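Engineer: quick one, structure for this:
(chains A and B)
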Amino acid sequence: MSDPQTKDRRDFLLKLGTGAGAAALVIQGAASLRALVPNVSYDAPTTVKLGPPSDFPDGLKFLADQRLFVFRDGSTFHAVSAVCTHLGCTVRAEALPRPETKTVGGQPLRLTHRFSCPCHGSKYEGDGTNVAGPAPKPLAWYRLSVSADDGQLVVDLADEVARDFRLTV
Amino acid sequence: MRSLSKLLASDTPSAPGVRPTALWSLRPKSDREAGDAVTSNFLLHWFPAKVTRASMAWNYSFWLGTASAALFLLTILSGLPLLLLYVPSVERAYQSVKDIEYVITFGRWLRGVHRIAAHLMVVVVALHLVRVFLTGAYKNGIGRNQQRQWNWVIGVAMLLLTLLLSFTGYLLPWDQLAFWAVTVGTNIASSIPAIGPSVRELLIGGRAIEQATLIRFYVLHIVFLPGALGVLFAYHMWRVRKDGGLARADRAEVAPVARVVAPSPTKTYTLLGVARGTSPAVTARSLEAPEASVNAVPDLARRALIVTLATIAVVSLLAVVIRSPLEEPANALVTPNPAKAPWYFLWLQEIVTDTTIHTRWFTISGAFLGGVVLPGLIVACLTVWPWFDRSAAAVTGEWFARSRRTQNLVFLLVLLAIVVLTYIGMELRGPYWQFYWPWQAWPSVPGRI
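Structural biologist: Okay, the predicted model is just below:
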């Protein structure tokens, strides 16, 4: 019983058993936690038809479902996100007393509104530039296009674009 | 009852290790009976047999720990009927809370008790932490193997659990208040560099606040968080016993008592391996100054009962008077203006508003600095503080000890800052989170764009 070989074997088996038990618990625990990480996200589609361009008034239209502002200046369109870059509240648009023109992305842009966030008071200019409050970056611009089948305006909320983007219809 | 216990005692043959009395009394006639009341009662078995008068003083602990436990009990008791009335689904949650509030008999009172007990619990648990800090009660006094610093760490964890319990409960009514508080709260998590968005996705079970979020918060609220708090509570109380009771008891113990000098020590005596000395006389404070301590039953039991009943009475009456708010149903399309966090997080909302740092090269979002780094630092400092407090063991359990003046002052200043920021967030922030003095009227802003 007391020969060192038996002792070594018992010691080895004890360690093996304990190790296997611990490993089994850890793996099963990890598997249970992994089940809580969603594999499928049933998000709303990111490409959305917004209606014919003629539906959009000159200036700004707010689309609550997409949390999006669509701007129109004659036949030129662009879309700015309404999601505050600080903590994700929906910013509100406020009409400027008189529209200004600013060079945005190398092109002139007529600014008719500015934005304020109700949660923490961030302020943005009409092109989405953050000018006051805790917002760390400008509001996102999204790609607009015209649907090939029925001529509706289409936004791609997964496709952020630079601020020189314009869609001319 | 006493005569019955005597009767039983006379009939039962006594054997070593078997107590002849099966019953116990809340009005013990002797120290022996008082001890039996503790050891043979399941509810009281975690009490000490004797407790010093000093540690029972109202103006030492203000019984804030007992009140916290009573409030926890009350949230559980009032939560049980609510569990049967509330439906955790995005289609029906709001309606079921509305039914609890307006249709179900005493539903409004039950919800009021649950809500007020939860809010008061945040206050009382925080005050308990303040008391323990200012009295240096996390310090080890004269006892051997005291580990009070670990009980402080458990206490900090219990405060965090209390806040999380309150916050997860906040979402359940699925109204505007709930939805936007959780939007902001979980976006703070997503401001952590690199892993943030994944953390948020795990928290809310997807990319938007939806059914998956509601069920996660619900299960955390009713199972995991209360369970964890219950376990930590039991451990907290066990540690209090292991560390020799309240820190104040240590101070009472070191107060000078005339000592009889033992005759020349030639032999070592022990008593059950607990007391050890060179004379057959066991020295204990309770023997030397019998008036300094009392039996836990009835004295400690009576006071604990008074505090518990008083807490229940206060909450129950407040719930009759104070209405619980229920706003419009949650609407992901409209952010209320202003959108405010629950009051105990308003100081953080104030900080996340003010801590965005813009430089020419980079921008650090206030959400990360004020919402993750700063509270993380505060919690970390609180947790490790007992290991940095180098004041003498003799001031353990003393209010505003002179040798702890600087740390008490810093602690109080941080506390004051939190209180001031909370007040600003509660009262002085209007639409678009603009600052308004109390005498300034808020401008009217359109509800929708």
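Engineer: tell me where chain A has strands.
Structural biologist: Using DSSP state E, the strands of chain A run over A:47-51, A:59-63, A:68-73, A:76-81, A:92-104, A:107-116, A:123-124, A:130-132, A:141-146, A:153-160, A:167-168.
Engineer: can I get these in CSV with distance to chain B, mean pLDDT and mean neighbour count?
Structural biologist: C-beta: built from backbone N, CA, C; applies to glycine. Output for those, formatted as CSV (distance: least, Cβ to the nearest Cβ, whole Å; pLDDT from 0 to 100; neighbours: other Cβ atoms under 10 Å in any protein chain shown):
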stretch, distance to chain B, mean pLDDT, mean neighbour count
strand A:47-51, 14, 90, 15
strand A:59-63, 5, 89, 17
strand A:68-73, 9, 91, 21
strand A:76-81, 13, 92, 22
strand A:92-104, 5, 85, 13
strand A:107-116, 5, 86, 18
strand A:123-124, 8, 92, 21
strand A:130-132, 9, 88, 15
strand A:141-146, 16, 93, 18
strand A:153-160, 12, 90, 17
strand A:167-168, 22, 88, 14
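Engineer: which residues of chain B lie near chain A?
Structural biologist: B:180, B:183-184, B:187-188, B:191, B:201-202, B:205-208, B:212, B:216, B:333-339, B:349, B:352-356, B:363-367, B:431-434, B:445, B:449 (Cβ under 8 Å from any Cβ of the partner chain).
Engineer: checking B:V125 next. Helix, strand or coil?
Structural biologist: Judged by DSSP: H, G, I helix; E, B strand; the rest coil, the three-state class of B:V125 is helix.
Engineer: for it, what are its contacts?
Structural biologist: B:V125 sits next to B:64, B:68, B:158-159, B:162 when contact means Cβ atoms under 8 Å, 6 or more residues apart in numbering or on different chains.
Engineer: for B:E101, phi and psi?
Structural biologist: Phi and psi for B:E101, reported as degrees, to the nearest 10, are phi -70, psi -40.
Engineer: hang on, I meant B:D354
Structural biologist: Per-residue torsions, B:D354: phi -100, psi 0 (degrees, to the nearest 10).
Engineer: can you pull out the helices in the stretch 251-400 of chain B?
Structural biologist: In the stretch 251-400 of chain B, the segments counted as helices under DSSP state H, counting those that start in this stretch are B:285-288, B:301-321, B:346-354, B:366-368, B:374-388.
Engineer: reformat the ones you listed as TSV; add mean neighbour count.
Structural biologist: Formatted as TSV, these follow (neighbours: other Cβ atoms under 10 Å in any protein chain shown):
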stretch	mean neighbour count
helix B:285-288	14
helix B:301-321	16
helix B:346-354	23
helix B:366-368	25
helix B:374-388	14
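Engineer: before we move on, back to that, so for B:L80, which of the strands of chain A sits nearest?
Structural biologist: Distance to B:L80, taken as Cβ to Cβ, is lowest for strand A:92-104 among those, at 42.2 Å.
Engineer: who are the packing partners of the closest one?
Structural biologist: The contact analysis (3 or more Cβ pairs under 8 Å, 6 or more residues apart in numbering or on different chains; DSSP states H and E) places strand A:92-104 against strand A:107-116.
Engineer: elements contacting the strand it packs on?
Structural biologist: By 3+ Cβ pairs under 8 Å, 6+ apart, strand A:107-116 packs against strand A:59-63, strand A:68-73, strand A:92-104, strand A:123-124.
Engineer: looking at these, which is nearest to A:L111?
Structural biologist: That would be strand A:92-104 among these, by Cβ to Cβ, at 4.9 Å.
Engineer: for that closest one, list the C-alpha coordinates in PDB.
Structural biologist: Backbone C-alpha positions of strand A:92-104 (Å, rounded to 0.1, in the frame of the first residue of the first chain) are rendered in PDB as follows:
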ATOM      1  CA  ARG A  92     -34.900  67.300 -32.000                       C
ATOM      2  CA  ALA A  93     -34.800  69.700 -34.900                       C
ATOM      3  CA  GLU A  94     -35.300  73.400 -34.400                       C
ATOM      4  CA  ALA A  95     -35.800  75.700 -37.500                       C
ATOM      5  CA  LEU A  96     -33.200  78.500 -37.800                       C
ATOM      6  CA  PRO A  97     -34.700  82.000 -38.000                       C
ATOM      7  CA  ARG A  98     -33.000  82.500 -41.400                       C
ATOM      8  CA  PRO A  99     -31.200  79.700 -43.300                       C
ATOM      9  CA  GLU A 100     -27.400  79.900 -43.600                       C
ATOM     10  CA  THR A 101     -25.100  78.500 -46.300                       C
ATOM     11  CA  LYS A 102     -22.100  76.600 -45.100                       C
ATOM     12  CA  THR A 103     -19.400  74.700 -47.100                       C
ATOM     13  CA  VAL A 104     -19.800  71.100 -46.100                       C
END
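Engineer: quick revisit: just put the helices and strands packed on strand A:107-116 in a markdown table and tack on distance to A:A158.
Structural biologist: Listed next are the helices and strands packed on strand A:107-116 as a markdown table, based on distance: least, Cβ to Cβ, whole Å:
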| stretch | distance to A:A158 |
| --- | --- |
| strand A:59-63 | 16 |
| strand A:68-73 | 13 |
| strand A:92-104 | 22 |
| strand A:123-124 | 22 |
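Engineer: ok, which of those strands comes nearest B:I378?
Structural biologist: Of these, nearest to B:I378 by Cβ to Cβ is strand A:123-124, at 29.0 Å.
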